[in-house]
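**Q** A structural model of the following input is requested.
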Amino acid sequence: MSTPERHGSGNRAVFTKDLSAPDPIPEAGIEAAVRLMRDGRLFRYGEDRSGLPEAALLEEEFAALLGKRYCVAVNSGGAALYVALKSVGVEAGDPVLVNAFTLAPVPGAIEHAGARAVMVDIDARYVIDVDDLETKARASGARVLLLSYMRGHIPDMDRVMAVCDELGITVVEDCAHTLGATWRDRQTGTFGTVGCFSAQTFKHVNAGEGGLVVTDDEDVAARAILRSGSYMLYAQHRARPPEAVFERHRYTTPNCSMRMSALAAAVLRPQLALLPERIARWRAVHAGLVRALADVPNVEVPARPSEEGFVPSSLQFSVVGVDPAGIARFASECDAHGVHVKWFGSEQPVGFTSRHDHWRYLDAPSAVPTADRVLAGLCDIRLPAALDEADCSTIAAVLREAMQAATRPPAA
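**A** Predicted structure coming up:
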């Protein structure tokens, strides 16, 4: 293992790279974006367009990547979730099941759909508690599960789908953190009726912002295309149902103007071919950092099951045996030495990080005691795919020394 960089007071380890740095946009994406800017045709449709729209080509390619019949590109991951919920028939006031460990756009999409979030507990592996899912489904009468693979953690999908099939629950998968990930070699986004993906900068493909909806259901696809803002130009889509399907929905589905721009699609298309290489690098970085953290006191990284082919763009760990004030000091010490640690147990939401009790717009949230306990000590580090072994060693040294500083008894 390489020697971490050290300087400053106490000769502490310091990490000097940017943990928020994404991979660069491939040259083919830059060139395509420049061509579009010179042409000026950035809108999602053309009344008299020659050639094929970039968003339509992206949808066709993304559907093929997932092995799905239909795909709709929208302007954000949150928009994808909203469009999916409405397209499977969620109406105002409907209960929608969702696991308690997720990010704010997920309950936000439920609220946007006018529905009511029913929080389901998680387990020590950070995934949905299937027993609590069944209990909450029966108690609430919910017929839709918005399943969030938060930070890339995949539950036992055999059990999840068995419960949902038994109870007649439609599954919408939030795959913002799992593009290319699998359970028993089956890709996430292909288990439920709809799979939703994100193309935000910190995800596996990067358009700055963007979302993709995939499905094999022709009626769901038609409603999603119309709601995304197709006007009556849906024939310009390529990964779409026959026009006869649109006749069933075009007079009753509102246009919510959420379709992805040509510019975002042009930037994304060349990145799809890079996914296997990116996934391999992310897995190597994650494995290296897990090894490096093995001897850091009070830090536990849950084991991943062999069935889970995860794609880790970040790493989560639990801080155990330390009180909240100590965890706050630990996160602050890490940040001061170059490693930004997000802590889900903070009393106040910070940056991108919040938890279910911060979302006070939720209607009478249900009890999730394990989630409360787990989130109190749960921390998160973003992992650029470009990190190497030396970087992992330095990050672990920063965490180790920060924990020592945070838990050191006060001087007499």
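**Q** on contacts alone, who are the packing partners of the helix or strand encompassing residue 117?
**A** In this structure, residue 117 sits in strand 116-120 according to DSSP states H and E. Judged by 3 or more C-beta pairs under 8 Å, 6 or more residues apart in numbering; DSSP states H and E, strand 116-120 is in contact with strand 95-99, helix 105-112, helix 130-140. Using the backbone N, CA and C atoms, a C-beta is placed for each residue, glycine as well.
**Q** Spit out the contact partners of residue 250.
**A** With contact set as C-beta atoms under 8 Å, 6 or more residues apart in numbering, residue 250 has these partners: 222, 226, 232, 234.
**Q** Let me see the contact set for the spatially most central residue of the chain.
**A** Central residue of the chain (C-alpha atoms, centre = their mean): residue 176, 2.6 Å from the mean position. Residue 176 makes contact with 77, 103, 148-149, 196-198, 200, 203, according to C-beta under 8 Å, 6+ apart.
**Q** cool, residue 134 as well?
**A** Residue 134 sits in contact with 163, 167, where contact means C-beta under 8 Å, 6+ apart.
**Q** Can you tell me how far it is from residue 154?
**A** Note on residue 134: its distance to residue 154, by C-beta to C-beta, to the nearest Å, is 19 Å.
**Q** try residue 372
**A** 22 Å.
**Q** quick one on the thing from earlier: report the two of the contacts of residue 250 separated the most.
**A** Among the contacts of residue 250, the pair separated by the greatest distance (C-beta to C-beta) is 222 and 232, at 12.5 Å.
**Q** which one of the two has more residues nearby?
**A** residue 222 (28 against 10; other C-beta atoms under 10 Å).
**Q** so what secondary structure elements neighbour the helix or strand encompassing that one?
**A** Per DSSP H and E, residue 222 falls inside helix 218-229. Using 3+ C-beta pairs under 8 Å, 6+ apart as the contact criterion, the elements in contact with helix 218-229 are strand 70-74, helix 77-87, strand 211-215, helix 243-247.
**Q** got those as CSV, with distance to residue 266 columns?
**A** Output for the helices and strands packed on helix 218-229, formatted as CSV (distance: least, C-beta to C-beta, whole Å):
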stretch, distance to residue 266
strand 70-74, 11
helix 77-87, 19
strand 211-215, 15
helix 243-247, 26
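**Q** Out of those, which is closest to residue 313?
**A** helix 77-87 (13.4 Å).
**Q** Give the other helices and strands that that closest one contacts.
**A** Using 3+ C-beta pairs under 8 Å, 6+ apart, helix 77-87 sits against strand 70-74, helix 105-112, strand 144-148, strand 170-174, strand 194-198, strand 211-215, helix 218-229.
**Q** what residues go with each domain of the protein?
**A** 6-11+275-407, 27-272 (automatic domain parsing).
**Q** Those: lowest mean pLDDT?
**A** Here those differ in mean pLDDT, and the lowest is domain 6-11+275-407 at a mean of 91.
**Q** ok, back up a step: would you turn the helices and strands packed on helix 218-229 into JSON lines with distance to residue 125 and mean neighbour count?
**A** Output for those, formatted as JSON lines (distance: least, C-beta to C-beta, whole Å; neighbours: other C-beta atoms under 10 Å):
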{"stretch": "strand 70-74", "distance to residue 125": "30", "mean neighbour count": "31"}
{"stretch": "helix 77-87", "distance to residue 125": "23", "mean neighbour count": "28"}
{"stretch": "strand 211-215", "distance to residue 125": "26", "mean neighbour count": "30"}
{"stretch": "helix 243-247", "distance to residue 125": "40", "mean neighbour count": "14"}
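**Q** Out of the ones you listed, which gets nearest to residue 190?
**A** Using C-beta to C-beta, the helices and strands packed on helix 218-229 put strand 211-215 closest to residue 190, at 7.8 Å.
**Q** what angle separates the closest one from strand 170-174?
**A** Going by axes from the mean of the first three to the mean of the last three C-alpha atoms, to 10 degrees, strand 211-215 is angled at 150 degrees with respect to strand 170-174.
**Q** Quick one: the helices in the protein, in order.
**A** 27-39, 54-66, 77-87, 105-112, 130-140, 157-167, 218-229, 243-247, 262-268, 275-292, 324-336, 369-376, 389-407 (DSSP state H).
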